[in-house]
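[1] my questions are about this predicted structure, shown below with the sequence.
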Amino acid sequence: AQKVTQAQTEISVVEKEDVTLDCVYETRDTTYYLFWYKQPPSGELVFLIRRNSFDEQNEISGRYSWNFQKSTSSFNFTITASQVVDSAVYFCALSGGNNTDKLIFGTGTRLQVFP
Amino acid sequence: NAGVTQTPKFQVLKTGQSMTLQCAQDMNHNSMYWYRQDPGMGLRLIYYSASEGTTDKGEVPNGYNVSRLNKREFSLRLESAAPSQTSVYFCASARGWQGRNQPQHFGDGTRLSIL
């Protein structure tokens, strides 16, 4: 069975601090995909990144970076120099490689960035 | 740039009433999904449609039915609403090409309360 665990329910930081959101996954598929979505207070879900299981290179996009480690089944998300606008719930999700886009979501991490 | 459109945005029902949530996408996507989001539980898949003419159960299908009316539209029906179905409902779509596991695009959600 597939599972995604986001153990951090809520994180609070002060602006300009760096913060890492953890994501641990379980799957028996050899091909799979990992995603991060952001849900700001307005409620919509915004896609941030997709990674496939064959690409373990870290990715950086501005202040955002992702660390994918198959050895520990983790796909962690770091925000550098956090800003108030980063305040949101962040979801990690997993889909299998069996020709389906079905997503298994973690329970989310609520990040609050204070000025 | 409509993307995925859900109607209504808010609804209050009495126990036992029926209701259909509407979803339409204008991105020519093949796959469509219905999720529910409850506090502390992330998003859980109710039903999905991998392509026009097909529907399949997700993780929490009991109490719901779906119809893939055409490639654009995917509706979710509650035949006899129960308080346990109070939730925020999200519709999503994805390209759905075989083996691609493309990111899902989400609507803004429907906040449904069952009294």
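    All right, it came through fine. Numbering: from 1, shown residues only, chains lettered A, B, ... in the order given.

[2] what does chain B put close to chain A?
    Within chain B, the positions adjacent to chain A are B:31, B:33, B:35, B:40-45, B:48, B:50, B:58, B:88, B:90, B:92, B:94-96, B:98-106, B:108-109 by C-beta under 8 Å from any C-beta of the partner chain. Glycine gets a C-beta too; all of them are placed from N, C-alpha and C.

[3] could I have the buried ones of those as ChimeraX selection syntax?
    Here is the ChimeraX selection string for the buried members of the residues of chain B next to chain A, based on 16 or more other C-beta atoms under 10 Å in any protein chain shown:
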select /B:31,33,35,42,43,44,45,48,50,58,88,90,92,94,95,96,101,102,103,104,105,106,108,109
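
[4] and the pLDDT at residue 32?
    Went with chain A since none was named. pLDDT, A:Y32: 90.

[5] actually chain B
    In this model, B:M32 is scored at 94, pLDDT.

[6] what strand or helix carries it?
    B:M32 is part of strand B:31-37, with elements assigned from DSSP states H and E.

[7] contacts for the helix or strand following that strand next, please.
    Per DSSP H and E, the first helix or strand lying C-terminal to strand B:31-37 is strand B:43-49. When contacts are taken as C-beta atoms under 8 Å, 6 or more residues apart in numbering or on different chains, the neighbours of strand B:43-49 outside the stretch itself are A:45, A:91, A:102-105, B:31-38, B:55-61, B:64-66, B:68, B:74, B:76, B:89-90.

[8] flag the shaky bits of chain A, pLDDT-wise.
    Regions of chain A meeting the criterion pLDDT under 70 cover residues A:97-100.

[9] should've said chain B
    Low-confidence segments of chain B, defined by pLDDT under 70, are located at B:1, B:97-100.

[10] one step back: list only buried entries from the contacts of strand B:43-49.
    Looking at those with 16+ other C-beta under 10 Å, the buried ones turn out to be A:45, A:91, A:102-105, B:31-37, B:55, B:58, B:60-61, B:64, B:66, B:68, B:74, B:76, B:89-90.

[11] the residue most central in space within chain B: what's it in contact with?
    The centre of chain B sits closest to B:W34, judged by C-alpha atoms, centre = their mean, with a distance of 2.5 Å. Taking C-beta under 8 Å, 6+ apart as the criterion, B:W34 is in contact with B:21, B:23, B:45-48, B:58, B:64, B:66, B:74, B:76, B:89-92.

[12] what do you get for A:E26?
    Under the contact definition (C-beta under 8 Å, 6+ apart), the residues listed for A:E26 are A:A1, A:Q2, A:K3, A:V4, A:T5, A:S73.

[13] please tell me how far the residue nearest to the first one when sequence neighbours are not counted sits from A:E59.
    With C-beta to C-beta, 6 or more residues apart in numbering or on different chains as the criterion, A:A1 has its nearest non-adjacent residue at 7.4 Å, and that residue is A:E26. The spacing between A:E26 and A:E59, counted by C-beta to C-beta, to the nearest Å, is 22 Å.

[14] tally of neighbours for the nearest residue to A:N58 once chain neighbours are set aside?
    With sequence-adjacent residues excluded and distances taken as C-beta to C-beta, 6+ apart, A:N58 is closest to A:N67, at 5.3 Å. With neighbours defined by other C-beta atoms under 10 Å in any protein chain shown, the count for A:N67 comes to 16.

[15] wait, doesn't A:N67 sit right on A:I60?
    No - because the distance of 10.1 Å does not satisfy C-beta atoms under 8 Å, A:N67 is recorded as not touching A:I60.
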